[in-house]
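K.L.:
got a predicted model here, sequence first, then my questions.
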Amino acid sequence: MTSGHRRLLDARTVLSAPLNSSVRALNTRRVLRAVMVLPATQVQLARRTGLSQATVSGVIGRLQQEGVVEVDESDGERGKRVRVAPMRGAAVGVEVGDDRLVVALRRVDGDRVLQSGSGLGAGRGRRAWVDELVRLIGDLLEDVGMVPADLVSIGLGVPAAVDPRLGRVAHSVTLTKEDLLGCSGAWLEAHYPGVPVVVDNESNFAAYGEYTYGVGRDAEALLFVNASTGVGAGLVLGGAVFRGRHGFAGEIGHLTMDPNGALCRCGNRGCLETLVGGLSLLEAVRHAYRGYRVDLPVTLGGLVERARAHDPVCVRVLQDAGRHIGLALARVCNILNPDVVVLGGELGRAGELVREHVVGELERNVLAGMLQQDQPLTVRMSELDLLAGPRGALAFALSSEPSPQRPSF
């Protein structure tokens, strides 16, 4: 029977086997989820799932026979690619920043990523952005001809540390207790019954996005720097997001750069964020132009645009920020030894205006041996731009088995 006459499969039904099912069923879902995240060869799927090539081959054979996946007829450069057969279902990835909301949606059987956004972030309070997010998701679902019941999974990236053992928000230096409740994901699960919601720090998801779809694809150790209003980092080590015991890994913005420096919102002095956070950079521009009749940038994006237009103050502010980030990264790289560092967030959009100075300071302070290998440490700009977080959230949620028991929030 041809696919044109076959009833369209439902992704939620395909993935809805009992969680306590056999190892064979669990392996089947693991492979299928990996294919939904990104079409790949069987060799690539074995590496991404941690299963043997023989196991993956057996799973693909069964799924192909059942009409759940399709295998390319011709060999590509690395072998035949496996992709999901046409089916109904979509996944959503969300990044809730301090001052922005970005949503990405993709059909499980497609490559096209739809996106939408809003200026209502977590810093505006929970009630200001929760309803907005539901509206944005609804609009994107309508664009692909689907309804909330077609959602397979939702990934929610938040500006807070998330306890990896419990899957709940553990701490934030910026959000109130009420705002933290909004970031828990419980309200999303209530609004979309039966749809698994995975919550993690926004920088962790951005790192996973670049590892899965961007410039850090398949890196052994990837460090993503998310520099916007706040400054954070995400780590992907051996294909897995590293969060630490309680979810605080990657808080690069609170590395102490000057013990006698400016007071940070975390309560310490001289944190990296006091030097390169968006508000600090805007204040530096205001200070330089104090007493002059000049239209000042009011957002970090505006500051970057002014620098691109050769405003000397904005250029220098970004150069200084790059040097501070480079020094902080040298300290982190001396501990973690990543093979690639990815610069992202609003500051990452400055491109070479920042990267040149990050690299210069990093190379002056990192162990020389890291730069003398056959595959030395490299610093790259984000390929996914502000979609790194939402796309990473989408991919991570889609690849994750739902927990048998949802944690209490």
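P.N.:
Looks like it arrived, so ask away. Numbering: from 1, shown residues only.
K.L.:
packing partners of whichever helix in the chain runs longest?
P.N.:
When the chain is parsed with DSSP state H, its longest helix is helix 312-336. Contacts defined by 3 or more C-beta pairs under 8 Å, 6 or more residues apart in numbering; DSSP states H and E place helix 312-336 against strand 221-227, strand 231-237, helix 272-276, helix 278-288, helix 300-308, strand 340-344, helix 345-348, helix 352-365. No exception for glycine: its C-beta is placed from N, CA and C like everyone else's.
K.L.:
measure how it sits relative to strand 340-344, angle-wise.
P.N.:
For helix 312-336 against strand 340-344, the angle by axes from the mean of the first three to the mean of the last three C-alpha atoms, to 10 degrees is 150 degrees.
K.L.:
in helix 312-336, what counts as buried?
P.N.:
313-315, 317-319, 321-333, 336 (16 or more other C-beta atoms under 10 Å).
K.L.:
any low-confidence regions in the stretch 51-200 of the chain?
P.N.:
Low-confidence segments of the stretch 51-200 of the chain (pLDDT under 70): 74-78, 122-126, 176-184.
K.L.:
quick one: secondary structure of Arg380?
P.N.:
Three-state assignment for Arg380 (DSSP: H, G, I helix; E, B strand; the rest coil): strand.
K.L.:
surely it meets Ala219?
P.N.:
No. Using C-beta atoms under 8 Å, Arg380 is not in contact with Ala219, being 9.9 Å away.
K.L.:
pull up the overlap in contacts between those two.
P.N.:
Among the neighbours of Arg380, those also in contact with Ala219 (C-beta atoms under 8 Å, 6 or more residues apart in numbering) are Val340.
K.L.:
more crowded one of those two?
P.N.:
Ala219 (23 against 18; other C-beta atoms under 10 Å).
K.L.:
OK, contacts around that one?
P.N.:
211, 236, 338-340 are the contacts of Ala219 under C-beta under 8 Å, 6+ apart.
K.L.:
domains in this structure, by residue range?
P.N.:
9-87, 89-206+389-399, 219-382 (automatic domain parsing).
K.L.:
give the residue farthest from the middle of this structure.
P.N.:
Gly291 (40.9 Å; C-alpha atoms, centre = their mean).
K.L.:
now it: which helix or strand?
P.N.:
Assessed by DSSP states H and E, Gly291 sits outside every helix and strand.
K.L.:
for it, phi and psi?
P.N.:
phi 90, psi -10 (degrees, to the nearest 10).
K.L.:
ok, it to Ser399 distance?
P.N.:
Distance of Gly291 to Ser399, given as C-beta to C-beta, to the nearest Å: 55 Å.
K.L.:
ends of stretch 330-343, how far apart?
P.N.:
In stretch 330-343, first residue to last residue: 14 Å (C-alpha to C-alpha, to the nearest Å).
K.L.:
now, of the domains of the chain, which is deepest in the fold?
P.N.:
The highest average neighbour count among those, using mean count of other C-beta atoms under 10 Å, belongs to domain 89-206+389-399 at a mean of 21.
K.L.:
which residues are in contact with Val199?
P.N.:
155-158, 162, 167-169, 183-185.
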